[in-house]
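# Here is my input, please return the structure:
(one chain, ligands or ions: 2)
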Amino acid sequence: MSRIEELFGSMVFNDVVMQERLPEDTYAALKRTMEVGKKLDPAVADVVARAMKDWAIEKGCTHFTHWFQPMTGITAEKHEGFIHPMGDGTVIMKFSGKELVKGEPDASSFPNGGLRATFEARGYTAWDPSSYAFIKDNTLCIPTVFYSYNGEALDKKTPLLRSMELMNKQTLRILKLFGNEEVTHVTTSVGPEQEYFLIDRELYRQREDLILTGRTLFGAKPPKGQEMENHYYGAIKPRVYAFMQELDDELWKLGVLAKTEHNEAAPAQHELAPIYTNSNTATDHNQLTMEMMKKVAERHDLALLLHEKPFAGVNGSGKHNNWSISTNTGVNLLEPGESPAENAQFLLFLVAVIKAVDEYQDLLRISVASAGNDNRLGGNEAPPAIISMFLGDDLTEILHSIEAETEAAHADQSEMKVGVHILPRFIRDTTDRNRTSPFAFTGNKFEFRSLGAPQSISAPNVILNTIVAEELSQFADILEAAEDFQTALHQLIVDTVKAHKRIIFNGNGYAPEWVEEAKARGLLNLPTTVDALPYFINEKNIQLFTKHKIYTSEELHSRYEIYLDTYTRTVEIEALTMIDMVSKKILPACIQYSDLIGHSLAQKKNLGLSCDAEEGLLSRISNHMSTLYQKNEALITAHNRCPKEDPLEAATYYRDTILPLMAALRQTADALEMLIGEEYWPLPSYTRMLYSL
Ligand code: ADP
Ligand code: MG
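Ligands and ions are numbered 1, 2, ... in the order given. Purely as a prediction, here's the structure:
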C-alpha cells in the first residue's frame, strides 16, 4: 500500500473498520440503519459503541463528543471522557450505546430564534449513522443532529437529511414510471469547490478588522490588484505548497476526498475541491475542511481567510456547489443518456430543475444570503443576485426545438416521442464555461455558484433538494394518472419548457443590460440579504416546506429570525470595529504623523527653507482628519439610534443607514493611508498582505 492509501480514512470508523470489528449480525443491523434509516436496537447500539470506543482508544482517544451543526454555521462539540469510576478509586474506559445514540448538551446559548423558552433550554443530539464517526484531536466525534425538547430542528443537518429522504422518495416514483424497478435508493451528490485567501499570520495579527470580522474594513487600493490576471493557476509558492500538502494529509486521514488544489484569480487566493459524495457526507466534510484549513494554516504561521470579501477591489471567495442525483445502481440521473428512453428521462429531470429554479428563485437567493455575501454577489466577480440558469447553446437549442415541435413532425417516432431524433448523443458542454451564471448545467451536474466561502452548504442543498423534489412530485402525480404515459410525458416536457424558459439565460450575467432584461422577464432581483429574507416566510414557501415536512412553520419562523439577527449583528460588529480602529489607531497615528510634519515645518521655516511639501501634506492630512473625526462621530451617533424591537426593522436600518456611513468612513481613512508614511500607518497595507508570501 502507498503512504496515502494507508493514510486515507485512518481516522474514520468506516465500512472496512466496521466489518473488521463488528460481529456479523451487528454489522448487518447497522448497515440497515445506515441505508434505510431503520431504528437501531439498543443492544446493537451497545455493541457498536464498544467497538467504536476500543478502536478510538487504540488510536489514542480519551474523549468522545457528539459533533453537531447548530445555526451558528460552525460545528459544535462538547467533549466527554470515556472514564467511568468503579467506586474503588479506579476507573475503566466505557462508552455505552445510550451515550452513542443520544446526548444532552446545554443548548441555551445556541441560536434558536425563539424556539426554546429558556426554562426548557434543553437540547438533544442524536446519532446520524449515515455519516461515519471519526477522530479529531484525540476525540471520537459522532456526527449528530441537534433538536429541541419539542423535537424542532435546531441545526443544519436535520433539514438536510429530511430533504434527501424527500428526493429519494419522489425520484423513485419517477423512475418507476420509466419502468425502472432496479433502483431502490436515490441520493443527491455534492462536490463543493472551496475558495480561500492565505496571508502571513503576523500581518493578520496586526489587523483588528480581520481578527474580529474576517474582512478588512479599511485599506487603500494597492498599486497592483488583479488586473494582470497572472495568479490564476500560477505556480504555487513554497510556503503555500507546504500548507496544501499538510492540509491534504489531514483531510485524507479524515476520509475527505480532497482532490484539487490550485491558485485562484486574486492574489493570495486559492481553491480546494474534493471529489463529490452524498450531500450529507459532503456537508460534514466541508465543515471539517474549513476547520482543518484554518488549523493547518496556523501551524504554518499563516492566516486562512474564508470571508466572502476579505479585500475590497480584488475578487472575493465563493463556493461552488456541484449537485447531481445518483442511484444506488451507480447512475447519475443528470447524465444525458445513450438511448431515447434514457434521454426522455434525462429531459424530465432537466425540466424539473428548470421549473424548480424558476418557481423558487427567492429560496435559492435566500440560501446564499448573508451580510458577507452581500459584498460579493453582483459585484462583477461573482454571480449576480438575480437567479438564472445557464444551459449552454446546445441544450437550449434542443429545448427550443422540443417546444416548437409539432406532432406531425415526428409522426413516425411512435414508440418514444420525446426528443428522440433530436437528442442523439449529447456533446458535453465543457468548452462553453460561462462563469457569470449563478446556476449552470455543466454536462452532468448543476453548479450553484452563488455560495459564499464560509457558509455551510447545508441550506443551499436543503433548498435544491426540496424544490426539485416538489416538481418531481407534481410530475409524478400527472404521469401516474395519465392514460398514455408517452403522450403525457411529451406534453409535460413541452408545457414545462414553455412556462419556465424565462429562467434560462446563457449570456453575460455581469452586463448591466441583464438587470434590465431580467426585469422584463419578471425575474426577481433581490440585491441584499434584507431584500431576500422576508420571502422565506411567504405563504408559497411555508406551504412548500410544511407539505414536505422539511421545516415546520415554527422552524421556518425561527430560522427567519436567526438569519435577520445574524445579519444585524454582523454589520454591528463591523461598525463597532471601525469606530474602535479609527478612535484608537488611525486618528492617533494621523496626529503623530502630523506632529512630525509640524516639527519639520517649523524647523525649516526657521532656517528660511522651502516647506511646500510639509505645508501641502499637513493641510491635506488635517482636512481629512477633521472629516474622519466627523464621520466617526456620525457612525457612533447612528449606532446609538438603532431600532431594537423589530428584527426586520433593525436589519433594514443597518443596511440603509449604518453601511453607507461605514463606507464613507472607510473612504476618508483610505485617503489618509495614501498620505501617511508606511511606518506610521498602524495597519499592514494591502500590498503587504496580498504579496508577501
Ligand atoms: P471545475 O472546472 O468547475 O473545477 P470539475 O469538473 O473539476 O469542475 O468539478 C468540480 C467539482 O464538481 C468537484 O468537486 C467534483 O467532484 C464535482 N463533481 C463532478 N461530477 C459531479 C457530479 N456528478 N455530482 C456532483 N458533483 C460533481
Ligand atoms: Mg466550478
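# ok, residue 350 touching residue 333?
No: Residue 350 is not in contact with residue 333 according to C-beta atoms under 8 Å; the separation is 9.8 Å. To be clear about C-beta, it is placed using only N, CA and C from the backbone, and glycine gets the same treatment.
# what does the stretch 351-500 of the chain have sitting close to ligand 2?
Selection of the stretch 351-500 of the chain residues close to ligand 2 by C-beta under 5 Å from the ion yields an empty set.
# report the longest strand in the chain, please.
strand 186-200 (DSSP state E).
# In terms of secondary structure, what does it contact?
Contacting strand 186-200 under the criterion 3 or more C-beta pairs under 8 Å, 6 or more residues apart in numbering; DSSP states H and E are the following elements: helix 157-177, strand 269-274, strand 277-278, helix 279-299, strand 302-305, strand 318-327, helix 458-481, helix 686-691.
# any idea how far the closest residue in space to residue 479 that isn't next to it in sequence is from residue 404?
With C-beta to C-beta, 6 or more residues apart in numbering as the criterion, residue 479 has its nearest non-adjacent residue at 5.1 Å, and that residue is residue 177. Relative to residue 404, residue 177 is positioned 26 Å away (C-beta to C-beta, to the nearest Å).
# Settle it for me: which of those two has more neighbours?
residue 177 (18 against 11; other C-beta atoms under 10 Å).
# Okay, that one and ligand 2: tell me how far apart.
Counting by C-beta to the ion, to the nearest Å, the separation of residue 177 from ligand 2 is 33 Å.
# just residue 606 next, same as before
Per C-beta to the ion, residue 606 is found 65 Å from ligand 2.
# Also residue 547?
From residue 547 over to ligand 2 the distance is 33 Å, taken as C-beta to the ion.
# And for the residue nearest to that residue when sequence neighbours are not counted, the neighbour number?
Among residues not flanking residue 547 along the chain, residue 470 sits closest, at 7.7 Å (C-beta to C-beta, 6+ apart). Using other C-beta under 10 Å as the criterion, residue 470 is surrounded by 23 other residues.
# any idea how far residue 470 lies from residue 478?
Taking C-beta to C-beta as the measure, residue 470 and residue 478 are separated by 13 Å.
# Could you confirm whether stretch 388-400 reaches ligand 1?
No: residues of stretch 388-400 contacting ligand 1 under C-beta under 6 Å from any ligand atom: none, with a closest distance of 12.6 Å.
# Let me fix that, I meant to ask about stretch 348-361.
No: Stretch 348-361 lies out of reach of ligand 1 by C-beta under 6 Å from any ligand atom, never closer than 12.7 Å.
# how far out from the middle of the chain is that stretch?
Here stretch 348-361 is found 21 Å from its chain centre; the criterion is C-alpha atoms, centre = their mean, to the nearest Å.
# In contact with the residue nearest to residue 479, which residues are there?
476, 479, 480, 485 (C-beta atoms under 8 Å, 6 or more residues apart in numbering).
# Now residue 21. Nearest residue, chain neighbours left out?
Leaving aside its sequence neighbours, residue 21 sits nearest to residue 51 (C-beta to C-beta, 6+ apart; 4.4 Å).
# Quick check, the one you found in contact with residue 20.
No: Residue 51 is beyond contact range of residue 20, at 9.1 Å (criterion: C-beta under 8 Å).
# Compare neighbour counts for these two and give me the winner.
Neighbour tally, residue 51 and residue 20, criterion other C-beta under 10 Å: the higher count belongs to residue 51, 21 against 10.
# on that earlier part again, so can I have a markdown table of the contacts of residue 177 showing neighbour count?
As requested, the contacts of residue 177 are exported to a markdown table (neighbours: other C-beta atoms under 10 Å):
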| residue | neighbour count |
| --- | --- |
| 476 | 19 |
| 479 | 18 |
| 480 | 13 |
| 485 | 13 |
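# Residue 211: which of those is nearest?
Looking at the contacts of residue 177 and their distance to residue 211, the nearest is residue 476, at 51.8 Å (C-beta to C-beta).
# OK, contacts around the closest residue to that closest one other than its chain neighbours?
Closest residue to residue 476 apart from its sequence neighbours, by C-beta to C-beta, 6+ apart: residue 173 at 4.0 Å. By C-beta under 8 Å, 6+ apart, the contact list for residue 173 reads 472, 473, 476, 480.
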